[in-house]
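Q: Okay, structure incoming, though there's no sequence with it:
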């Protein structure tokens, strides 16, 4: 079956703009999590959605938001972009949220803010 | 607070030598731990999880609750093991360590 799909793969935005990233989970998976990956901070958890509800949220400012649709696809939005938001944004899906459930990752969206 | 520490950012060993990637965690509850791997130009993927007590690609990891460690080991490294390795703790969300870049020299 198809893996986790993230679009677009690459984005270049200007400071102050906003951006929306999309994630399509593996068919049948209802949990979607988002992570920010940077060389300095590594992988940092942004938020997790399950059945259209946000279950968990990481320590990111309110400029970072997300949502999940009834088909489990998820979007994350970053408003008022800052240079420090440049990163690889990874999405992961799992069948259900749970401590021992394997997370399947997408290839990521590389966001560059100039 | 949950925290995962991988003390080595870079680790370089020769082919055929033993490999140990260190991982220490901080968590007040009963931990569920994983190792994820990212090969060059590939997506992050699960390597193994502690609850399965399995060996994948020759790698094993034992949970040591007394030392709060979950080190990844392989007795004989192969060149294809070169990759980025992340230790992760599941506590309502996956908390990752900073990662260790493993390079196997021929």
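A: Received it, and whenever you're ready, just let me know what you need. Quantities reported herein were computed from a predicted structural model and do not represent experimental measurements. Numbers count the residues shown, from 1 in each chain, chains lettered A, B, ... in the order given.
Q: Provide the backbone phi and psi angles at residue A:84.
A: Backbone torsions of residue A:84, given as degrees, to the nearest 10, read phi -70, psi -10.
Q: Repeat that for the one 4 residues further on.
A: Torsion angles at residue A:88 (phi, psi; degrees, to the nearest 10) stand at phi -100, psi 120.
Q: And residue B:80, by the same measure?
A: The phi and psi values for residue B:80, taken as degrees, to the nearest 10, are phi -70, psi 0.
Q: Just the pLDDT for it.
A: pLDDT for residue B:80: 96.
Q: ok, it - how many residues close by?
A: Per other CB atoms under 10 Å in any protein chain shown, the neighbour tally for residue B:80 reads 10. Any C-beta I mention is one placed from the backbone N, CA and C, and that applies to glycine too.
Q: swap in residue B:82?
A: The burial count for residue B:82: 17, using other CB under 10 Å.
Q: ok, it touching residue B:104?
A: Yes. Between residue B:82 and residue B:104 there is a contact under CB atoms under 8 Å: 4.9 Å.
Q: Just give the nearest non-adjacent residue to residue A:63, would you?
A: residue A:79 (4.9 Å; CB to CB, 6 or more residues apart in numbering or on different chains).
Q: what sits against the one you found?
A: Residues near residue A:79 by CB atoms under 8 Å, 6 or more residues apart in numbering or on different chains: A:18, A:63, A:65.
Q: Now do residue B:45 against residue A:4, distance only.
A: 11 Å (CB to CB, to the nearest Å).
Q: Pick out whichever of those two has more residues nearby.
A: Taking other CB under 10 Å, residue B:45 and residue A:4 do not tie; residue A:4 has more neighbours (22 against 15).
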